[in-house]
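Trainee: here is a sequence together with a model predicted from it:
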Amino acid sequence: MIKENNQENHLIKKIKVQTMKPYPKYKDSGVEWIGEVPTHWLNLTLKRITNMHRQGYYTTESYIDNGVKLIRISDLDENGNINYKNMPFVKISDKDEIVYQVKNGDFLFPRTGSIGLFGYVIEVERAVFASYLINFRFNQEVVYDFLKYFFFSDSFKNGIFSDLHGGVNQNVHAENIKNQIITFPPIIVEQVQIASYLDHKTSQIDTLIEKKKRLIELLKEERTAVINQAVTKGLDPNVKMKDSGIEWLGEIPEHWYKIRFKYALVIKNQKDQEQNRNNSLKKIALEHIESWTGRLLTQKETVFEGDGVLFDLDDILFGKLRPYLAKVWQANFSGSAVGDFFVFKPQNFVNSKYAFYRIISREYIDVISGSTFGAKMPRVSWDFISNLPFPVPPIEEQLQIVSHIDHETSRIDTIISKTEKQIELLQEYRTALISEVVTGKIDIRNWNEQSTQN
């Protein structure tokens, strides 16, 4: 049984202990979202330290198997990294490659779409950058690692988002970036100290976030295992077993009986023609159901042409498109299933919640996913599902299994939710810390990694 790690929770508190003091004297930066800065710091627009900026290379040619890599917006991540691994190759002239090649210390900013992200070139490969990116090359007046953290800060992002262009598809121009105010100490050693401090602190935070994410992965695996064990083997470890005759199903309790899916759950096909026209029914689409949990997400407005399939309380909705996503839901109200759903009604001898857990179990989803047809839009057929084996315990045992799974998954979900909140708070703290440090709200000049424990 996976539990929360109290050592990690203690480390969260330890990371957040802030013993640094402010600088002795401050002055007004003249920028609302920056506020006051140390009196000896400089206030400059980025264009004062810009050596070059250029919009990226535009090509109408198809990608090739080898050549020069093309950095796209999708190759940038939220940590300022550039992922060269899945980058396509383009054919480019030697002259254009010289113009558009990236160098160590360059910063790439999206012109549209993922505004606020950036890519920091520190491990350069033979690559050029695409037309929806702007490359900035700065002079040596500011340490590049300090610049990196400034671009992470709310101070920079608030400035960018206050000056966007366009309507629905907003975009940023090179001039918007050049006109942003940057505040920094003129002493290079102090800039290096700030970058080193933030390297240390963000590394601590990022390591803890990764541990928390791994904990969530393990908890999700445990959740899946709890369901699979209970609906396949039951709750009694000493129960006598029998061979199911199905390789992927293995042994099942001897007193369970095995029938085909279509005899345990009936497929429903009644259309909602009249009700749909009158908008009298709630509509459920695939995007409303969370994968692997059967949790109904906040409903967004669903635009759907045509008729859905009616469902009633305790019916089971199964997403037949990309079934590996495990979009399964036990209905807690009546409505209309729009799009790619099967709607199943459990027979009287099958508890609805038990049927839900049986269908969403890992082994069931894996078998169904292995039977799909269609490469781009894989689907499963009713003919295949209808003939799947469906082990059925006595109804009293079904209720016990449901109660056990509900209890265990509730415990696991609570830990997952708490851990996700901790990750969110750590990410917020990381952003706030960067903003505080790069605008001089705390004085880290006397900090060193060896002498501090926070």
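Mentor: Arrived safely.

Trainee: give me the nearest residue to residue 340, chain neighbours excluded.
Mentor: Of all residues not flanking residue 340 in the chain, residue 321 sits nearest, at 3.7 Å (Cβ to Cβ, 6 or more residues apart in numbering). In this view, the C-beta of every residue, glycine as well, is placed from N, C-alpha and C.

Trainee: what sits against the nearest residue to residue 172 once chain neighbours are set aside?
Mentor: Nearest non-adjacent residue to residue 172, counting by Cβ to Cβ, 6+ apart: residue 115, 5.4 Å away. Residue 115 sits next to 160, 161, 164, 170, 171, 172 when contact means Cβ atoms under 8 Å, 6 or more residues apart in numbering.

Trainee: which one of those has the most neighbours?
Mentor: Neighbour tally across the contacts of residue 115 (other Cβ atoms under 10 Å): the maximum, 20 neighbours, falls on residue 172.

Trainee: can you tell me which two in the contacts of residue 115 are farthest apart?
Mentor: Largest separation among the contacts of residue 115 by Cβ to Cβ: 161 and 171, giving 11.9 Å.

Trainee: residue 132 reaches residue 74, doesn't it?
Mentor: No. Judged on Cβ atoms under 8 Å, residue 132 makes no contact with residue 74 at a distance of 10.0 Å.

Trainee: determine the longest helix present in the protein.
Mentor: helix 188-233 (DSSP state H).

Trainee: what about residue 378, how many neighbours?
Mentor: Residue 378: 15 neighbours (other Cβ under 10 Å).

Trainee: could you check how far the helix or strand containing residue 43 is from the centre of its chain?
Mentor: For residue 43, the host element (DSSP states H and E) is strand 42-45. Relative to the chain's own centre, strand 42-45 is displaced by 36 Å; criterion: Cα atoms, centre = their mean, to the nearest Å.

Trainee: stretch 236-249 now?
Mentor: Using Cα atoms, centre = their mean, the offset of stretch 236-249 from its chain centre is 38 Å.

Trainee: and stretch 73-93, by the same measure?
Mentor: So, by Cα atoms, centre = their mean, the centroid of stretch 73-93 is 19 Å from its chain's centroid.

Trainee: do the same with stretch 85-94
Mentor: Distance, centroid of stretch 85-94 to centroid of chain: 28 Å (Cα atoms, centre = their mean).

Trainee: and that stretch, which residues are buried?
Mentor: 87, 88, 90, 92 (16 or more other Cβ atoms under 10 Å).

Trainee: adding pLDDT and secondary structure, write those residues out as JSON lines.
Mentor: Below are the buried residues of stretch 85-94 laid out as JSON lines (pLDDT from 0 to 100; DSSP: H, G, I helix; E, B strand; the rest coil):
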{"residue": "87", "pLDDT": "91", "secondary structure": "coil"}
{"residue": "88", "pLDDT": "91", "secondary structure": "coil"}
{"residue": "90", "pLDDT": "90", "secondary structure": "strand"}
{"residue": "92", "pLDDT": "89", "secondary structure": "coil"}
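
Trainee: take the residues you listed and write them to a markdown table, including distance to residue 377.
Mentor: Output for these, formatted as a markdown table (distance: Cβ to Cβ, whole Å):
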| residue | distance to residue 377 |
| --- | --- |
| 87 | 27 |
| 88 | 24 |
| 90 | 29 |
| 92 | 35 |
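
Trainee: closest one of those to residue 227?
Mentor: residue 87 (39.4 Å).

Trainee: report how many residues lie close to residue 431.
Mentor: Counted with other Cβ under 10 Å, residue 431 comes out at 15.

Trainee: hmm, I was thinking of residue 64
Mentor: Residue 64: 11 surrounding residues under other Cβ under 10 Å.

Trainee: likewise for residue 147?
Mentor: 24.

Trainee: I'd say it and residue 139 touch.
Mentor: No. Using Cβ under 8 Å, residue 147 is not in contact with residue 139, being 10.7 Å away.

Trainee: identify the contacts common to those two.
Mentor: If you check residue 147 and residue 139 against Cβ under 8 Å, 6+ apart, no residue is contacted by both.

Trainee: pretty sure residue 37 contacts residue 22?
Mentor: No. Using Cβ under 8 Å, residue 37 makes no contact with residue 22, being 10.9 Å away.
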